[in-house]
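Asker: pasted the sequence and its predicted model underneath.
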Amino acid sequence: MSGYLIGSQAAGAAPLPPGAEYPWWYMYYFATERGRAGYDTYRRDFNKLIWQLASPKWAFDNATFARTAAAFDNPDHVAIVIHNYRWRLGLATGEPRYDDLEQRLAAAPAITVPAITLEGDANGAPHPDASAYTSKFTGKYEHRVITGGIGHNLPQEAPQAFAQAIIDADHF
């Protein structure tokens, strides 16, 4: 989903134009102790806001949100989320035993296995256009735009299209 998403601290160090940085406001919020405390205190409100921003046309109900929100009560949830975003900004170190793997991934290797990437036509989350990463897929590859007001949460918003892509990729 959402293309070629391999994290790299070096790539993340390069500034983007202001309009491209704006949707990442929460990443910078999480870089502060206030952001960590705010996320810890308001994690359900925060995540509901992110769901609404990332999938602006998805009219999810409270029961749907509650099923996922139960995971936010995991005792290490806040620490993991905050560390992830701080790592992206180079403000936290990774697990040293994975340094070699991180270096290899930071080189942005080609994806050689058959793959299908998906993008909702109403994805409100920050994401590059498919043309920015198509060349990274050197095996059999297809990009699909899922229409009908589908946002960032494809497995829940378009479960049939999501499952079909898995089945189709398995038959490439």
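Answerer: It's in. Numbering: from 1, shown residues only.

Asker: rest of the way, CA atoms for contacts and neighbours
Answerer: Noted.

Asker: what comes up buried for the lowest-mean-pLDDT helix or strand in the chain?
Answerer: In the chain, no helix or strand scores lower on mean pLDDT, DSSP states H and E than helix 9-13, which sits at a mean of 80. Burial within helix 9-13, assessed by neighbour count using 16 or more other CA atoms under 10 Å, is assigned to Gln9.

Asker: now the element after it, going C-ward?
Answerer: From helix 9-13 onward toward the C-terminus, using DSSP states H and E, the following helix or strand is helix 18-21.

Asker: mean confidence score for the helix or strand following that following helix?
Answerer: Scanning forward in sequence from helix 18-21, with DSSP H and E defining helices and strands, the next element found is helix 25-30. pLDDT averaged over helix 25-30 equals 94, rounded to a whole number.

Asker: pull the next helix or strand after helix 25-30 out as PDB, backbone CA atoms only.
Answerer: Per DSSP H and E, helix 25-30 leads on to helix 33-41 as the next helix or strand towards the C-terminus. Once side chains and other backbone atoms are set aside, the C-alpha atoms of helix 33-41 remain, and they are given as PDB (Å, rounded to 0.1, in the frame of the first residue of the first chain):
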ATOM      1  CA  GLU A  33       8.300  15.900  25.400                       C
ATOM      2  CA  ARG A  34       5.000  17.900  25.200                       C
ATOM      3  CA  GLY A  35       4.100  15.800  22.100                       C
ATOM      4  CA  ARG A  36       4.900  12.600  23.900                       C
ATOM      5  CA  ALA A  37       2.800  13.600  26.900                       C
ATOM      6  CA  GLY A  38       0.000  14.900  24.600                       C
ATOM      7  CA  TYR A  39      -0.100  11.600  22.700                       C
ATOM      8  CA  ASP A  40      -0.100   9.600  25.900                       C
ATOM      9  CA  THR A  41      -3.000  11.700  27.300                       C
END
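
Asker: change the start of the numbering to 330 and stick with it
Answerer: Sounds good: first residue 330 from here, last item helix 362-370.

Asker: between helix 362-370 and the helix or strand that helix 362-370 is followed by, find me the angle.
Answerer: Beyond helix 362-370 on the C-terminal side, the first helix or strand identified by DSSP H and E is helix 372-383. Angle between the axes of helix 372-383 and helix 362-370 is 100 degrees (criterion: axes from the mean of the first three to the mean of the last three CA atoms, to 10 degrees).

Asker: name the residues that touch helix 372-383?
Answerer: Helix 372-383 is touched from outside by 368, 387, 394, 398, 401, 452-454, 480-482, with contacts defined as CA atoms under 8 Å, 6 or more residues apart in numbering.

Asker: many thanks, have a good one.
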